[in-house]
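Trainee: Here is my input, please return the structure:
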Amino acid sequence: MIIAVDFDGTIVEHKYPYIGKEIPFAIETLKKLKEDKHTLILWTVREEKLLDEAINFCKERGLEFYAVNSNYPEEKKNHDHFSRKLKADLFIDDRNIGGLPDWGTIYRMINEKLTYEDIYSEHDTTYESDSKRKKGLLGKLFR
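Mentor: Here you go, the predicted model:
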């Protein structure tokens, strides 16, 4: 899969424009995802010097991305049809609906092809049986 990963609030605590403390297991999980042959793209609002700091932070910890704020390393803003929209299979970002799961859960979801619903049902003993419960996010919100 092509996985786009945010930096502030996802890899490190959100202290923008400074770099916060590394979120536990973020770098290790991302390195494991690379070992598993996933393509990682750093997708962040940071630019110029602040972006270089984020890239160097990751490199110093042994994590390098396939591309940064682009679909491929050679992509430039002046290319024909340049778009800031990534063609990724998955986005890991602290601004997800429901927030950022811990990195162990993120890895399990990717590796085992689990959904939030799968994870939620593992831990919720009050969860109704499959035949009685409503499906999807709205079903959970309005049950």
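Trainee: contacts and neighbour counts: CA atoms only from here.
Mentor: Noted.
Trainee: How about the contacts made by the residue nearest the centre of the chain?
Mentor: Against the mean C-alpha coordinate of the chain, by CA atoms, centre = their mean, the closest residue is I92 at 1.5 Å. For I92, the contact set (CA atoms under 8 Å, 6 or more residues apart in numbering) comprises I3, A4, V5, D6, T10, L100.
Trainee: next one: phi and psi at it?
Mentor: When quoted as degrees, to the nearest 10, the phi and psi of I92 stand at phi -110, psi 110.
Trainee: Same check on D6?
Mentor: Dihedral angles phi and psi of D6 (degrees, to the nearest 10) take the values phi -70, psi 160.
Trainee: what's the burial count for it?
Mentor: Number of residues near D6 (other CA atoms under 10 Å) recorded here: 21.
Trainee: do the same with N96
Mentor: The number of residues packed near N96 is 10, by other CA under 10 Å.
Trainee: Can I get the buried part of the contacts of I92 as one PyMOL selection?
Mentor: Buried members of those, identified by 16 or more other CA atoms under 10 Å, are gathered into one PyMOL selection as follows:
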select buried, resi 3+4+5+6+10
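Trainee: what's across from the residue nearest to the centre of the chain in the sheet?
Mentor: V5 (DSSP bridges).
Trainee: what residues does the longest helix along the chain touch?
Mentor: Of all the elements of type helix in the chain, the one with the most residues (DSSP state H) is helix 48-60. By CA under 8 Å, 6+ apart, the residues outside helix 48-60 that reach it are F7, P17, I19, I27, T44, R46, E64.
Trainee: Mind putting the residues you listed into TSV with distance to K87, pLDDT and neighbour count?
Mentor: Supplementary listing: the contacts of helix 48-60 in TSV, determined by distance: CA to CA, whole Å; pLDDT from 0 to 100; neighbours: other CA atoms under 10 Å:
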residue	distance to K87	pLDDT	neighbour count
F7	18	97	26
P17	27	95	10
I19	27	97	18
I27	22	97	18
T44	15	94	16
R46	19	94	18
E64	19	97	19
